[in-house]
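# Whatever this is, show me its structure:
(2 chains)
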Amino acid sequence: MSQTAQSSGENPDENRRDFLTLATTAVGVVGTGMALWPFVDSMNPSKDVLALASVEVNLSNIPVGQAIKVMWRGKPVFIRHRTEREIKEAEDVALNQLVDPETDDARVKKKEWLIVVGVCTHLGCIPMGTATGEPRGDFDGWYCPCHGSHYDSSGRIRKGPAPRNLVVPTYTFLTDTSVKIG
Amino acid sequence: MSAPVWNNKVVKWVDDRLPVFSMLHHSAYEYPTPKNLSYMWNFGSLAGLVLVTMILTGIFLVMNYTPHADMAFDSVERIMRDVNYGWLIRYLHMNGASMFFIAVYIHIFRGLYYGSYKAPREVLWWIGILILLAMMATAFMGYVLPWGQMSFWGATVITNLFSAFPVIGDPLVTWLWGGFSVGNPTLNRFFSLHYLLPFVILGLVVLHVWALHTVRSNNPTGVEIKTPQDSIPFHPYYTIKDLFGMGVFLIIYLYFVFFAPNFFGEPDNYIMANPLSTPAHIVPEWYFLPFYAILRSIDFEFLGMPAKLLGVLAMFAAIIVLFVIPWLDTSKVRSSRFRPVYKWFFVVLIIDCFVLGYCGAKAPSDPFMGLHGLQVITVGQLATLYYFLHFLVVMPVVGKMERPKPLPASISESVLKGGANA
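Below you'll find the model as predicted:
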């Protein structure tokens, strides 16, 4: 007993004790982290939420110049049947004028159909401009009433606090008039 | 002070095993309180009263509330229409939230004016800020529970703030939601946490009072208790004064409950949540407006950081800065009563907070107070600038340059000379 009380670093017992303390602490920390993970992960989207991941939409009754909202993963998706003028406006913009530069080509699969997630990239409000008569902002697209973001006819951010363009969801055209989102 | 002698045998038997009676005696009767406390010192106990009211009314509301996205709104309407006294319990809870913030904000500004954050009360002050943060989280999540339009969109906007953080932002928001948008999982977790946090606040209040009883109450002179002449026992002197304050406070509180129960609310919240339609004008509850104004006032990039992230950081910084003011304030004098220069900056700070609140309630492009050519956003930016300047520049600089008025030798002397006029 007396030797443990007197000796310093040279004692092999002390090194062993340090090692045991460190090892126990490390295992304890990792173990606590692993025990915590199920609780943290339980707050992530559950399997039933993930399962509702796609939706099919019939496009045949959307006339040129109009747009609809459909629900996808609990949020709206805007589908706009664009006019010639809207397509031209979207294509003619120089990329250096854009906050989040992206060509119109990269954002659509068929020029007349613009499909974007209808959630403002600022703080998640639903921009106005889908229903006829709603304000569409200064760039013929959408206008978010919450903090004044303007989106153009390609759903790109042009003015206001939003940092990014409206998100383009993954979608495939099943036929010419039917699209599957997700 | 010495331990009390208990004459009642039952009291003594219990006290020998668990000294609850000694503790109460020590903290209520023996606790020496400065004898010059003004009515500004009533708001701590008032906040405590509201906390208890909120917990009690909340427990009874839960007996009739259904935390499900399809049923929450209707269950709240049922509480209002069918449950016996449901309207009363809900209106007490709703308006209680506003009253809680009124009491706590006055309590905080009292602390700021009289330097209650300075040594040795820094930890007491910190716990107070933690209570404020916990209150804000609780109030925000509680507001979501009725599942009205403002509940839903308020939750959407505020949770989206976290998407401002680079890389982890989007997964973090999905995790907060438990889905790809605010929905039923979000409502459920907010309900769970809304029930938990008040008890966390209660725990923090216990720590707050513990720290208070260790460092003792500050007072309008900011001069510490020096002799027994400076203090009086808390009970009965301040228990009776607190009770009187509670009476006045309840008159105001209940006026709103009975005669203007929706004064602090938004009519849109009586429309059920609709994920497909955002209300034209989203405003948070009044007690968040100054912070909301700070959030929105940052509409420019800086150092490569996007405006959204900066706004979020500025909003959090507005509260975090309060943690360090015990060191930012360089003045050796606690009470602003003896600080002829700082006093005026304090007045500006109060006006500034009201201006921020006004800006938070208006759309950014609206004219400020109807003045043409002056936008709300511009005023909000200036007010935000002053808010931070006040703590980061005014406090350290004025503390160094100002020449304070002579302090009274003791609380007693100040009282004998006429208190505030001394």
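# going forward, measure contacts between C-alpha atoms and count neighbours the same way
Will do.
# tell me how far stretch A:89-109 is from the chain's mean position?
19 Å (CA atoms, centre = their mean, to the nearest Å).
# To clarify, my last question referred to stretch B:37-51.
Using CA atoms, centre = their mean, the offset of stretch B:37-51 from its chain centre is 12 Å.
# pLDDT averaged over that stretch - what is it?
The average of the pLDDT scores along stretch B:37-51 is 97.
# Tell me the confidence at A:Cys125?
86.
# so it, which of the three states?
coil (DSSP: H, G, I helix; E, B strand; the rest coil).
# Check whether it really touches A:Cys144, as I assumed.
Yes. Assessed by CA atoms under 8 Å, A:Cys125 is found in contact with A:Cys144 at 6.9 Å.
# Which residues of chain A lie near chain B?
A:43-46, A:49-50, A:69, A:71, A:73-76, A:122-127, A:145-147, A:160-163 (CA under 8 Å from any CA of the partner chain).
# excluding its backbone neighbours, what's nearest B:Glu402?
Spatial nearest neighbour of B:Glu402, excluding adjacent residues (CA to CA, 6 or more residues apart in numbering or on different chains): B:Val341 at 6.4 Å.
# got the residues of the stretch 101-250 of chain B near chain A?
B:153, B:156-158, B:160-161, B:174-183.
# ok, now how distant is B:Val348 from B:Gln381?
B:Val348 sits 15 Å away from B:Gln381, going by CA to CA, to the nearest Å.
# quick check: domain ranges of chain A?
A:12-44, A:51-181 (the TED database).
# which residues in chain A form strands?
In chain A, the strands defined using DSSP state E lie at A:55-58, A:67-72, A:75-81, A:113-117, A:140-144, A:149-152, A:157-159, A:171-175, A:178-181.
# same check, this time on the stretch 201-350 of chain B
B:231-233 (DSSP state E, counting those that start in this stretch).
# Compare the residues of the stretch 101-250 of chain B next to chain A and tell me which has the most neighbours.
Most neighbours among these, by other CA atoms under 10 Å in any protein chain shown: B:Trp153, with 29 neighbours.
# For B:Ser277, list the residues it contacts.
A:Ile126 (CA atoms under 8 Å, 6 or more residues apart in numbering or on different chains).
# so of the domains of chain A, which one's packed in deepest?
domain A:51-181 (a mean of 18; mean count of other CA atoms under 10 Å in any protein chain shown).
# Let me see the ranges of the helices in chain A.
A:2-6, A:12-41, A:47-51, A:84-92 (DSSP state H).
# Could I get the domains of chain A in JSON lines, plus columns for distance to B:Tyr91?
Shown next, in JSON lines, are the domains of chain A (distance: least, CA to CA, whole Å):
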{"stretch": "domain A:12-44", "distance to B:Tyr91": "31"}
{"stretch": "domain A:51-181", "distance to B:Tyr91": "28"}
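# among the ones you listed, which is nearest B:Trp13?
domain A:12-44 (42.6 Å; CA to CA).
# Quick one: distance of the closest one to the chain centre.
That offset, for domain A:12-44, works out to 35 Å (CA atoms, centre = their mean).
# Mind checking the pLDDT average for that domain?
90.
# same deal with stretch B:240-253?
96.
# Tell me the buried residues in it?
By 16 or more other CA atoms under 10 Å in any protein chain shown, the buried positions in stretch B:240-253 come out as B:Lys241, B:Asp242, B:Gly245, B:Met246, B:Phe249, B:Leu250, B:Tyr253.
# Closest one of those to chain A?
Of all these, B:Tyr253 has the smallest distance to chain A: 31.7 Å, by CA to the nearest CA.
# Leaving out sequence neighbours, find the closest residue to that closest one.
B:Met99 (6.7 Å).
# Please apply the same query to A:Ser60.
A:Thr177 (5.2 Å).
# Any idea how many residues pack against B:Met135?
B:Met135 has 22 nearby residues by other CA under 10 Å.
# same for the helix or strand hosting it, what does it pack against?
Assigned by DSSP states H and E, B:Met135 belongs to helix B:122-144. When contacts are defined as 3 or more CA pairs under 8 Å, 6 or more residues apart in numbering or on different chains; DSSP states H and E, helix B:122-144 sits against helix B:149-160, helix B:184-215, helix B:307-328.
# Go through the ones you listed and pick out the most buried.
Taking mean count of other CA under 10 Å, helix B:149-160 is the most buried of the helices and strands packed on helix B:122-144, at a mean of 23.
# Would you agree B:Gly178 is in contact with A:Lys47?
No. Using CA under 8 Å, B:Gly178 is not in contact with A:Lys47, being 10.6 Å away.
# Which residues are in contact with the closest residue to A:Ile181 other than its chain neighbours?
Among residues not flanking A:Ile181 along the chain, A:Tyr171 sits closest, at 4.3 Å (CA to CA, 6+ apart). Contact analysis of A:Tyr171 by CA under 8 Å, 6+ apart lists A:Val179, A:Lys180, A:Ile181, A:Gly182.
# go again using 6 Å as the cut-off
A:Lys180, A:Ile181, A:Gly182 (CA atoms under 6 Å, 6 or more residues apart in numbering or on different chains).
# One more: A:Val116?
Neighbours of A:Val116 in contact, by CA under 6 Å, 6+ apart: A:Val77, A:Phe78, A:Val167, A:Val168.
# Then A:Leu114?
A:Ile79, A:Arg80, A:Val108.
# Distance-wise, check the residue lying closest to it once chain neighbours are set aside relative to chain B.
Once flanking residues are discounted, A:Leu114 sits nearest to A:Arg80: 5.1 Å by CA to CA, 6+ apart. A:Arg80 is 16 Å from chain B, where distance means CA to the nearest CA, to the nearest Å.
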